[in-house]
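Peer 1: Structure here, sequence nowhere to be found:
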Ligand code: NI
Ligand code: MN
């Protein structure tokens with residue numbers, strides 16, 4: 001499984017020969033200027049919640065690629081009304097896709113669309129594949145529900161928001177990594193806006209003290225698990 005960081009909370013995951021985009025927010029992200037949204041390959045677009053900084057480029061990518069949107073029922077319905085195909089899920093539900101098994105899990109956050117319309121409840125995803133299992137937390141607070149995840153699945157990489165203010169910050173993210181029983185963390189949702197700028201060195205040291213590795217990828221860089 002190859003995971004490429006496209007800035008903010010946007011990821012491209014290549015697994016089982018499929019391309020999966022998570023929470024595309026590229027064209028309004030100053031830090032992702034070198035990413036060309038029109039060259040992105042996608043078979044699926046996973047959306048954790050309806051906020052602008054997670055859905056901005058969904059329509060453009062879906063229309064360029066024919067990718068299918070996977071999210072909660074309300075978000076999928078919203079995009080289906082724009083003639084984008086989708087697969088609706090809801091919390092606690094799993095489905096076997098042709099790239100692996102996805103489960104939509106709880107997140108503590110909000111989920112309105114930019115115009116204020118209802119975007120369902122926010123979530124995260126557990127992705128289980130023959131190559132690796134990952135947890136994509138989405139925007140969330142630290143929550144006890146994270147403790148349920150390792151009861152069901154061994155997580156190889158936890159993708160956690162670490163920017164604070166709108167989501168967990170570093171200290172909570174260390175606890176979240178404990179809750180999901182994972183020592184390898186990819187940080188997202190930091191540095192994009194003034195409220196969420198972080199000190200990278202300090203963040204890495206806090207995880208190291210807890211015997212965990214925090215990975216902070218440059219925009220456009222990848223890791224393989
Ligand atoms: Ni959000
Ligand atoms: Mn966000």
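Peer 2: Cool, the structure landed. Note that the structure is a prediction, hence the values are computed from the model and not measured. Ligands and ions are numbered 1, 2, ... in the order given.

Peer 1: quick one: the strands in this protein?
Peer 2: Secondary structure of the chain, counting by DSSP state E: strands at 2-5, 11-15, 18-22, 44-46, 68-72, 86-89, 94-96, 101-106, 123-128, 133-136, 157-161, 184-188, 213-215, 222-224.

Peer 1: Identify all contacting residues around the second one.
Peer 2: Under the contact criterion CB atoms under 8 Å, 6 or more residues apart in numbering, strand 11-15 has outside partners 1-6, 19-23, 40-42, 99-100, 127, 129, 131-132, 134, 136, 159, 188. C-betas here are computed from N, CA, C, even on glycine.

Peer 1: Apply 7 Å and report the result again.
Peer 2: 1-6, 19-22, 40, 99-100, 129, 131 (CB atoms under 7 Å, 6 or more residues apart in numbering).

Peer 1: of the residues you listed, closest to ligand 1?
Peer 2: Nearest to ligand 1 among the contacts of strand 11-15: residue 22, at 13.2 Å, using CB to the ion.

Peer 1: Report the buried members of the contacts of strand 11-15.
Peer 2: 1, 3-6, 19-22, 40, 99-100, 129, 131 (16 or more other CB atoms under 10 Å).

Peer 1: Dump the residues you listed to JSON lines, plus distance to residue 53 and pLDDT.
Peer 2: Formatted as JSON lines, these follow (distance: CB to CB, whole Å; pLDDT from 0 to 100):
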{"residue": "1", "distance to residue 53": "24", "pLDDT": "98"}
{"residue": "3", "distance to residue 53": "19", "pLDDT": "98"}
{"residue": "4", "distance to residue 53": "18", "pLDDT": "98"}
{"residue": "5", "distance to residue 53": "15", "pLDDT": "98"}
{"residue": "6", "distance to residue 53": "13", "pLDDT": "98"}
{"residue": "19", "distance to residue 53": "21", "pLDDT": "98"}
{"residue": "20", "distance to residue 53": "19", "pLDDT": "98"}
{"residue": "21", "distance to residue 53": "14", "pLDDT": "99"}
{"residue": "22", "distance to residue 53": "12", "pLDDT": "99"}
{"residue": "40", "distance to residue 53": "17", "pLDDT": "98"}
{"residue": "99", "distance to residue 53": "25", "pLDDT": "98"}
{"residue": "100", "distance to residue 53": "26", "pLDDT": "98"}
{"residue": "129", "distance to residue 53": "27", "pLDDT": "98"}
{"residue": "131", "distance to residue 53": "28", "pLDDT": "97"}
